[in-house]
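Engineer: next come a sequence and a model predicted from it.
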Number of protein chains: 2
Amino acid sequence: MSTKKQLHFGAFMRPASIHSCSWRYPDAFSDANFNFKHHIRFAQTLEKGLFDAIFMADHVSLLNMPDEALKRSATVVSLEPLTLLPALAAVTEHIGLIATASTTYNQPYHIARKFASLDHISEGRAGWNVVTSSNPLEALNFGLPEAVEHDERYKRGRECYEVVTKLWDSWEDDAILRNTETGIFADLDKLHPPKHKGEFYAVEGALNVARPVQGWPLIVQAGASEAGRQFASEVAEMVFSAASTLSTAQEYYADIKSRAKAYGRNPDHLKVFPGCFVIIGDTLEEAKNKKRQLDSMVDPSTGMGSLSILLGCDASKFDLDGPLPEIPETNAVKSGRQKLVDMAKEDNMTVRELAQYVGGSYGCLEMLGTVSMIADQMEEWLNSNACDGFNIMFPYLPQGIDDFVDKLVPELQRRGVYRTSYEGNTLRENLGLPRPKNQYCD
Amino acid sequence: MSTKKQLHFGAFMRPASIHSCSWRYPDAFSDANFNFKHHIRFAQTLEKGLFDAIFMADHVSLLNMPDEALKRSATVVSLEPLTLLPALAAVTEHIGLIATASTTYNQPYHIARKFASLDHISEGRAGWNVVTSSNPLEALNFGLPEAVEHDERYKRGRECYEVVTKLWDSWEDDAILRNTETGIFADLDKLHPPKHKGEFYAVEGALNVARPVQGWPLIVQAGASEAGRQFASEVAEMVFSAASTLSTAQEYYADIKSRAKAYGRNPDHLKVFPGCFVIIGDTLEEAKNKKRQLDSMVDPSTGMGSLSILLGCDASKFDLDGPLPEIPETNAVKSGRQKLVDMAKEDNMTVRELAQYVGGSYGCLEMLGTVSMIADQMEEWLNSNACDGFNIMFPYLPQGIDDFVDKLVPELQRRGVYRTSYEGNTLRENLGLPRPKNQYCD
């Protein structure tokens, strides 16, 4: 086995591609979001490519966007992650299955039970992406007049996490005896009902599911705000980060690992996976052309709102087909704005193209080029304390996944930075993470 | 095709057998409740036997029983139905998948979304068993001090049903265009957010799942009380009833169908499936012996509480190994009590055996005997307006399922009262039920 630090990959499915026009790309499955047969194919190909996990984003509402964008978005119909992932568990053997579930709109008993069941059905491959949900449309679907305020969401999220982990521990690992001789099925001395009474939740009884195969399903978080980073550093075992440059990734990596250490955790037990949009070409130019073609399908209206926010001024007043004018100083996040301004200049982009770019893949980290160039860049990130792996976003499906698995994976394996088979049986084992002890045992 | 009225079968899985000692029976899977691989085998065998559906009961807590019974019960660990059934959808093609979900402990947006997703994943095989939940332990797991009162539960259940069906209709069938030329994914003129504001729920936005394949997943109910019967007659398309004698089944059948008719429905669109515990033997004596062996494994403590309730007096004071003494008149339900008293006399049963009987299969309808005897009895029920089919309860697994499919099914087919292949592609089509129109269309 290679002694080099190893790359790990999650597949960020939202539920298919993050790019808003992936469904329009030539030969792409336009129903990729919503056709279960396609999802089987994606999952099995990702497993062939030895991905650690499929990662399903989620929203319990339509996305909060104007009608002009909404009617162009494939996200309007998607399969609920905790319904889709068990189905994929039945047709895969190794790949991890990470579902997003909001602590603001789900009761802890339901969360604990569904993830525990998924962990048993998949024989130890479940992960919970803990989100607190800020989309105001979600609140309106659950009887609330507006989104719960940020700090309260996090307080609620922490308590929900606490109750869920108590519920997973409510049966000790060896509590289920199934002694057909004596007729005793379960040892009630090894049963620990949470009897939880907190600020937001009261949960008395034990889970009616045995302790998960992994002890606890993998805990995943995507904390970006101060409260989010702190929460992630305390509880997450995988963080999905959003750094779009090497230096911001390094800053995030150092910060979250040192927070984890300060909290008394082994920082190696918290894996950092930035989102990464990958397009592979035989040449750099080919990869860039694919991206340009994809972005050219984006209706400018889809990106204009985001572009205005990123630039800190109303971009809809600019000439769509002219270059980006000089932008006055504002309070917009400077690194994001500068990246756009520089890119526009370097690539001679019009305002339309900038809006299409932002409306396409949301300005996240991109790696475009030949397999060799992308492998170089991934190795650089991995070896400069910017990440432990990547959450890969595919530009279109199935070709984006096929290219990654058939072309990039063998190159990374040749370099000795990527597995040639799964190391363990569970998601935790493949990521090199420990199985949590039961909090009710010494 | 036979012109005879046809039998239909659901498999009542709770999550495996209803009998409290099924897990102890010789050669039975003691982990039948909790081993996904076993569930695949059960589902595929049931599909080979052309069952209409698998029906998963559910509780969001441990069952409400004393420790002496709890520690002997295989129900303490089970897989959550809406996690298990999608996984089974992936490994089956025809069989319907009915999950129980409580309107008291689930938000309508979640219910609508998960069942719609299951219906898409299974290509039209989902069903929702609408329950309102009375187990007080469930309330304590969801922050309530006690179970919600009966009438309020039903009011809440009705409103939840109303919101869920609105959400299923929020996209018209042809709303999803996926026009790669124009870039328009969805026709927003065919989008109907519920904007519901009721006594219990406020749900503003549309579902982020396309209209289910079946329009609506099948609506299943098990109404027994007055409010339950009325609700079932108005909304259910399959009722799971609990009649244990032909005459009570006929009374229920006539009552629920006439209520449906009075409500303006076609009574043929409401199918009545009594629960039916089946044990097949080469002789009647062999079948009875299997049942006796199974019941003999029941610890009397498991049934003593139920026996006392059924008899209307404290049975724990009786001599366990003596005959049932004379019981004074009480307010206990008379038909249930008389059935027990008669059975005890006829079969010379001791109090212990009665408690074991009640603690085994809860005194539900039983059909024991040769395939010919059971087929006769099923035909009699079918042709005397007592049922449209049965929800079959298996005594132990996998043998109970295998016997049913390998022995009884061919006999029923020979008699022309059971299908030799699935008639349709969806659960509704197989049951001869219409696809609901979208309530927002003319």
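Structural biologist: Sure, I can see it.

Engineer: might you report the residue contacts of the closest residue to residue A:204 other than its chain neighbours?
Structural biologist: In this structure, residue A:204 finds its nearest non-sequential neighbour in residue B:140, 3.7 Å apart by CB to CB, 6 or more residues apart in numbering or on different chains. All C-beta atoms are positioned from the backbone trio N, CA, C, and that covers glycine. The contact partners of residue B:140, by CB atoms under 8 Å, 6 or more residues apart in numbering or on different chains, come to A:202-205, B:61, B:146.

Engineer: pick out the most distant pair among those.
Structural biologist: Using CB to CB, those span at most 14.9 Å, a distance reached by A:203 and B:146.

Engineer: does any part of stretch A:388-399 sit near chain B?
Structural biologist: No. Shown here: stretch A:388-399 not in contact with chain B (CB under 8 Å from any CB of the partner chain), separated by at least 11.4 Å.

Engineer: count the neighbours of the closest residue to chain B within the stretch 251-400 of chain A for me.
Structural biologist: Proximity of the stretch 251-400 of chain A to chain B (CB to the nearest CB) peaks at residue A:299, 6.0 Å away. Number of residues near residue A:299 (other CB atoms under 10 Å in any protein chain shown) recorded here: 20.

Engineer: with residue A:157 instead?
Structural biologist: 24.

Engineer: helices or strands next to whatever helix or strand it lives in in the packing?
Structural biologist: According to DSSP states H and E, residue A:157 maps onto helix A:150-168. Packing contacts for helix A:150-168, counted by 3 or more CB pairs under 8 Å, 6 or more residues apart in numbering or on different chains; DSSP states H and E, involve helix A:108-121, strand A:126-131, strand A:196-197, strand A:202-203, helix A:226-235.

Engineer: so which residues make contact with it?
Structural biologist: So helix A:150-168 is contacted by A:103-104, A:106, A:108-109, A:111-113, A:115-116, A:128, A:130, A:132-134, A:147-148, A:192, A:194, A:196, A:198-201, A:203, A:206-207, A:211-212, A:215-217, A:219, A:225, A:227-228, A:231, A:235, A:436, A:439 (CB under 8 Å, 6+ apart).

Engineer: ditto for stretch A:188-201
Structural biologist: Contacts with stretch A:188-201, where a contact means CB under 8 Å, 6+ apart, come from A:107-108, A:155-156, A:159-160, A:162-163, A:166-167, A:169-172, A:174-175, A:202-206, A:440, B:67, B:70-71, B:143.

Engineer: using ChimeraX, define a selection of the buried residues within those residues.
Structural biologist: Per 16 or more other CB atoms under 10 Å in any protein chain shown, the buried members of the contacts of stretch A:188-201 correspond to this ChimeraX selection:
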select /A:107,108,155,156,159,160,162,163,166,167,169,170,171,172,175,202,203,204,205,206 /B:70,71,143
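
Engineer: any weak-confidence spans in chain A?
Structural biologist: A:1-2, A:330-335 (pLDDT under 70).

Engineer: can we see that at 50?
Structural biologist: Low-confidence segments of chain A (pLDDT under 50): none present.

Engineer: for it, which strand is longest?
Structural biologist: With secondary structure taken from DSSP state E, chain A has its longest strand at strand A:271-280.

Engineer: give the pairing partners of that one; include direction for each.
Structural biologist: Strand A:271-280 has its sheet partners listed here by DSSP bridges as strand A:238-241 (parallel), strand A:366-369 (parallel), strand A:390-393 (parallel).

Engineer: mean neighbour count and distance to residue B:388 for these - can I get that in CSV?
Structural biologist: Output for the strands paired with strand A:271-280, formatted as CSV (neighbours: other CB atoms under 10 Å in any protein chain shown; distance: least, CB to CB, whole Å):
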stretch, mean neighbour count, distance to residue B:388
strand A:238-241, 27, 50
strand A:366-369, 20, 59
strand A:390-393, 26, 50
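
Engineer: to residue B:395, which of these lies closest?
Structural biologist: strand A:238-241 (45.1 Å).

Engineer: how distant is stretch A:12-19 from the center of its chain?
Structural biologist: Counting by CA atoms, centre = their mean, to the nearest Å, stretch A:12-19 is centred 10 Å from the centre of its parent chain.

Engineer: likewise stretch A:63-82?
Structural biologist: With CA atoms, centre = their mean, you get 18 Å for stretch A:63-82.

Engineer: how about that stretch: buried residues?
Structural biologist: Neighbour-count burial for stretch A:63-82 [16+ other CB under 10 Å]: A:65, A:69-82.

Engineer: chain neighbours aside, what residue packs nearest to residue A:139?
Structural biologist: Closest residue to residue A:139 apart from its sequence neighbours, by CB to CB, 6+ apart: residue A:147 at 4.8 Å.

Engineer: likewise for residue A:424?
Structural biologist: Residue A:424 sits nearest to residue A:430 (CB to CB, 6+ apart), 5.1 Å away.

Engineer: next one: the one you found from chain B, what distance?
Structural biologist: Relative to chain B, residue A:430 is positioned 20 Å away (CB to the nearest CB, to the nearest Å).

Engineer: mind listing the helices for the stretch 251-400 of chain A?
Structural biologist: With helices called from DSSP state H, counting those that start in this stretch, the stretch 251-400 of chain A shows them at A:284-296, A:300-311, A:334-346, A:351-361, A:371-383, A:399-403.

Engineer: what sits against the residue in the stretch 151-300 of chain A that chain B sits nearest to?
Structural biologist: For the stretch 151-300 of chain A and chain B, the shortest gap (CB to the nearest CB) falls at residue A:204, measuring 3.7 Å. Listed by CB under 8 Å, 6+ apart, the contact partners of residue A:204 are A:193-196, B:137, B:140-141.

Engineer: just the buried ones from the residues you listed?
Structural biologist: Counted by 16+ other CB under 10 Å, the contacts of residue A:204 give A:193-194, A:196, B:137, B:140-141 as buried.

Engineer: returning to what we had before: wait, doesn't the residue nearest to residue A:139 sit right on residue A:141?
Structural biologist: No. Counting by CB atoms under 8 Å, residue A:147 does not reach residue A:141; the two are 11.4 Å apart.

Engineer: mind listing what the closest residue to residue A:355 other than its chain neighbours touches?
Structural biologist: Spatial nearest neighbour of residue A:355, excluding adjacent residues (CB to CB, 6+ apart): residue A:303 at 3.8 Å. The contact partners of residue A:303, taken as CB under 8 Å, 6+ apart, are A:354-360.

Engineer: cool, residue A:368 as well?
Structural biologist: Residue A:368 touches A:278-279, A:281, A:284, A:287-288, A:290-291, A:374, counting by CB under 8 Å, 6+ apart.

Engineer: same thing but at 6 Å, please
Structural biologist: By CB atoms under 6 Å, 6 or more residues apart in numbering or on different chains, the contact list for residue A:368 reads A:279, A:287-288, A:291.

Engineer: the residue lying closest to it once chain neighbours are set aside: how many residues sit nearby?
Structural biologist: Spatial nearest neighbour of residue A:368, chain neighbours left out: residue A:287 (4.2 Å); criterion: CB to CB, 6+ apart. By the measure other CB under 10 Å, the count of residues near residue A:287 is 23.
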